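Undergrad: build me a model from this:
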Amino acid sequence: MAQAPDRSIPDIDFTLEFPYTRTTGPIIGPFLTGLRDGRILGTRVGDRVICPPVEYDPSDGSTVGPENLVEVGPAGVVEGWTWVAQPTSKHPFEHPFAFAQIKLDGADTTLLHAVDAGSIDAMSTGMRVVVRYNAERLGAVTDVHFVPGDQAPEAPTVEADAEPVGITEHVIGVRIREPLQPHRKRFLEGLLDKKIIGQRSPADGKVHVPSRGYDATNRVAMTDADDVEVAGKGTVTSFTEITPIQYHGQTETEPYIRCSVLLDGADTTIGGVDIRDIPIDEFKVGLRLQIVWRDSISFDDEDNRGYGLNEGVYERWERTGEPDVDPELVKEHNF
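TA: Sure thing, here's the model as predicted:
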């Protein structure tokens, strides 16, 4: 007997990332170059040595020049720490480790960095740690980590013609996890059955699709008792022609339409409906459309703030063949 298709809808879990590139400047540049080349640098500011180095005196804001750079470490003392039991993709190790505030020998401030201690029992405030250099170094703070002990490592070998680090590149990211709200989960479960579920406000009877779980106008919460099914067809209330900007990796090449549709039985529109099968010069406000469902429904990048239907749900939207609706009748839904 064939297995039933998986109808589970996972909670929201995605990573938002973007690249970040910047010049390093007269202090951070030598600091990163030093990490690549086997040295840790701080800045002498008055009677203190600050590591990581700073470009400005924190007490009065005066400029600190590269002539104030001094070498510190390579060992130091842990002044505080926390254990990372479940590392993420952004952490330097795939196994548990510690983040520690390390006061390097010769420095008066602490450097926050990773300690590969092996186990939480090996970590303690006051313990000695020493730097270890990665075999491959790019001129970044992640070129090094620390381990328990005092024995200094051999200085890494560096290509004789290696340029100073003048540019640093990172991928900045944050992982976002949250459970689906009950009304949102019911909406997605309805799509699996090729049904569009809205909610009728108990305050004024208007049907919201997709619902936010509350009527924002009347400030009234809605529950599963307010769920109603609306039709898979409706009227175009607004649209725009999109001409994709061409760049490396772009998959969209031809102009297409993105529109909003007021479904029959609803009082709010669904947005972000992409139309690729109707000529642009034939498209208009008031056009009647109906959804053509995919045989296999899938959800991509769903969240609790969705306002439309993604293309994992429908193959296309097509004309119903019904007469157009007078645009004056839907003008209050223009977006």
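Undergrad: where do the helices sit along the stretch 51-200 of the chain?
TA: 182-192 (DSSP state H, counting those that start in this stretch).
Undergrad: on contacts alone, who are the packing partners of the host helix or strand of Thr235?
TA: Take DSSP states H and E as the rule and Thr235 turns out to sit in strand 233-242. Based on contacts counted as 3 or more CB pairs under 8 Å, 6 or more residues apart in numbering; DSSP states H and E, the elements that strand 233-242 packs against are strand 256-263, strand 288-293. The C-beta positions use only the backbone N, C-alpha and C, and glycine is treated the same way.
Undergrad: pick the most buried one from those.
TA: strand 256-263 (a mean of 22; mean count of other CB atoms under 10 Å).
Undergrad: and for that one, what's in contact with it?
TA: The list of residues contacting strand 256-263 from outside it, by CB atoms under 8 Å, 6 or more residues apart in numbering, reads 196, 198, 209, 230-242, 268-276, 278, 280, 283, 289, 317, 330, 333, 335.
Undergrad: for stretch 213-221, same thing?
TA: Gln181, Pro182, His183, Arg184, Gln199, Ser201, Pro202, Ala203, Asp204, Lys206, His208, Met222.
Undergrad: what of stretch 92-112?
TA: The contact list for stretch 92-112, computed with CB under 8 Å, 6+ apart, reads 40, 42, 48-52, 70-87, 91, 113-117, 119-120, 123, 129, 142, 145-146.
Undergrad: OK, contacts around Val273?
TA: Arg258, Cys259, Ser260, Val261, Leu289, Gly308, Leu309, Trp317.
Undergrad: picking that back up, want to try a markdown table for the helices and strands packed on strand 233-242, with mean pLDDT and distance to Thr21 as columns?
TA: Converted to a markdown table, the helices and strands packed on strand 233-242 look like this (pLDDT from 0 to 100; distance: least, CB to CB, whole Å):
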| stretch | mean pLDDT | distance to Thr21 |
| --- | --- | --- |
| strand 256-263 | 94 | 31 |
| strand 288-293 | 96 | 43 |
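Undergrad: make JSON lines from those strands and add distance to His248 to it.
TA: Output for those, formatted as JSON lines (distance: least, CB to CB, whole Å):
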{"stretch": "strand 256-263", "distance to His248": "20"}
{"stretch": "strand 288-293", "distance to His248": "32"}
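Undergrad: which stretch among these comes nearest Asp57?
TA: For Asp57, the closest of the helices and strands packed on strand 233-242 is strand 256-263, at 53.3 Å, according to CB to CB.
Undergrad: give me the element the nearest residue to Pro53 once chain neighbours are set aside is part of.
TA: In this structure, Pro53 finds its nearest non-sequential neighbour in Thr43, 3.9 Å apart by CB to CB, 6 or more residues apart in numbering. For Thr43, the host element (DSSP H and E) is strand 40-45.
Undergrad: elements contacting that strand?
TA: Partner elements for strand 40-45 (3+ CB pairs under 8 Å, 6+ apart): helix 25-37, strand 48-50, strand 69-72.
Undergrad: mind putting those into a markdown table with mean neighbour count?
TA: Output for the helices and strands packed on strand 40-45, formatted as a markdown table (neighbours: other CB atoms under 10 Å):
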| stretch | mean neighbour count |
| --- | --- |
| helix 25-37 | 20 |
| strand 48-50 | 19 |
| strand 69-72 | 18 |
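Undergrad: could these go into JSON lines alongside distance to Ala135 and mean pLDDT?
TA: Shown next, in JSON lines, are the helices and strands packed on strand 40-45 (distance: least, CB to CB, whole Å; pLDDT from 0 to 100):
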{"stretch": "helix 25-37", "distance to Ala135": "12", "mean pLDDT": "93"}
{"stretch": "strand 48-50", "distance to Ala135": "29", "mean pLDDT": "95"}
{"stretch": "strand 69-72", "distance to Ala135": "22", "mean pLDDT": "96"}
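Undergrad: any chance of these in TSV with distance to Leu192 as columns?
TA: Listed next are the helices and strands packed on strand 40-45 as TSV, based on distance: least, CB to CB, whole Å:
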stretch	distance to Leu192
helix 25-37	51
strand 48-50	58
strand 69-72	60
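Undergrad: what bits of this structure have low per-residue confidence?
TA: 1-7, 300-301, 335 (pLDDT under 70).
Undergrad: quick one: which of the helices and strands packed on strand 40-45 is nearest Thr157?
TA: Per CB to CB, nearest to Thr157 of these: helix 25-37, 9.4 Å.
Undergrad: who's in contact with the strand holding Thr43?
TA: Contacts for strand 40-45 (CB under 8 Å, 6+ apart): 27, 30-31, 34, 49-54, 57-59, 64, 68-74, 104, 106-107, 109, 111, 131, 144.
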